[in-house]
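A.B. asks: Mind folding the following:
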Amino acid sequence: MRVISYNLRKHRAAGELAHLVERYSADVLCLQEADTSHIPDEIAGLRLADSTQRNRLGLAVYYRENTFRAVDVRALALKKSLHDRVLKPAEERLLGVRLHDIDEGRDVIVASFHAAPLTALNSLRRHQIRTALTELQSLGADLPALMVGDYNYPVFKEHLGQHVREQGFELNLSDSRTYTRYRFFRGHYDFATSIGFEIDRVRTLPQGLSDHLPILVTARPTDASARAGSAEPEASVGAA
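C.D. replies: Residues are numbered from 1 along each chain as shown. Modelled structure (predicted):
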């Protein structure tokens, strides 16, 4: 499974999405800072599973319709920072989708995540990440889960990785930095957190109109998790 995650910088990079999907043969597309009132139902063969509705700039997840079927979707508001309370840029900071792999007959969970900005403390972002990973499990116990997005965590990543591992997840950084706008704040911001997946590679893609560079995650469910998620889902969500 090839998953692209991209913070669009207030929707400025939206015009690049079709090219990215086609150029890198993406199966899933996870967006942050998207103007969800102006996103299409389809991008280069990927279908919109859902998007957040209570955000000024929100999250969206697209999936390849001839490979997956969207079974369940969950948007979640996380603990708010002062920035959130005053400016209200993002009410919902997690959008998780349970996908049924049609050919393999198994389910996986993919999520788009956007942590509080750098004005918040790392402790608050860790709380958001911990809550998000816990809530993803409610989409399907023991299913492989992959959460990608803008973690806004450029320093002390080893500490974050330890906290993530305590929950049974693994934190993966891309092969080069993903944020370049301000010299002092340059670094890795966009991560992949997973359980039940073998992460082959997390690649930083060339920069476009956003101050974030998109990342491409290549992952596959482990054998044990694939067997656990092989049951046929009971229901399917409607098309977005």
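A.B. asks: In the chain, where is pLDDT below threshold?
C.D. replies: Along the chain, segments meeting pLDDT under 70 span 79-90, 182-185, 224-240.
A.B. asks: For it, just list every one of the helices.
C.D. replies: Assigned by DSSP state H, the chain shows helices spanning 17-24, 82-87, 122-136, 157-166, 223-228.
A.B. asks: right, so those: which one is the most enclosed?
C.D. replies: Highest mean neighbour count among these (mean count of other Cβ atoms under 10 Å): helix 122-136, with a mean of 19. From N, CA and C alone the C-beta is placed, and that goes for glycine too.
A.B. asks: tell me the angle of that one relative to helix 157-166?
C.D. replies: 30 degrees (axes from the mean of the first three to the mean of the last three Cα atoms, to 10 degrees).
A.B. asks: which helices and strands does helix 122-136 pack with?
C.D. replies: Taking 3 or more Cβ pairs under 8 Å, 6 or more residues apart in numbering; DSSP states H and E as contact, the helices and strands that helix 122-136 lies on are strand 68-76, strand 94-101, strand 106-114, strand 145-150, helix 157-166, strand 190-195.
A.B. asks: any chance of the helices of the chain in a markdown table, with distance to residue 114 too?
C.D. replies: Shown next, in a markdown table, are those (distance: least, Cβ to Cβ, whole Å):
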| stretch | distance to residue 114 |
| --- | --- |
| helix 17-24 | 17 |
| helix 82-87 | 11 |
| helix 122-136 | 9 |
| helix 157-166 | 16 |
| helix 223-228 | 26 |
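A.B. asks: of the ones you listed, which approaches residue 10 most closely?
C.D. replies: helix 82-87 (12.7 Å; Cβ to Cβ).
A.B. asks: Identify whichever of the helices and strands packed on helix 122-136 lies nearest to residue 173.
C.D. replies: In terms of Cβ to Cβ, the element of these nearest to residue 173 is strand 190-195, at 6.0 Å.
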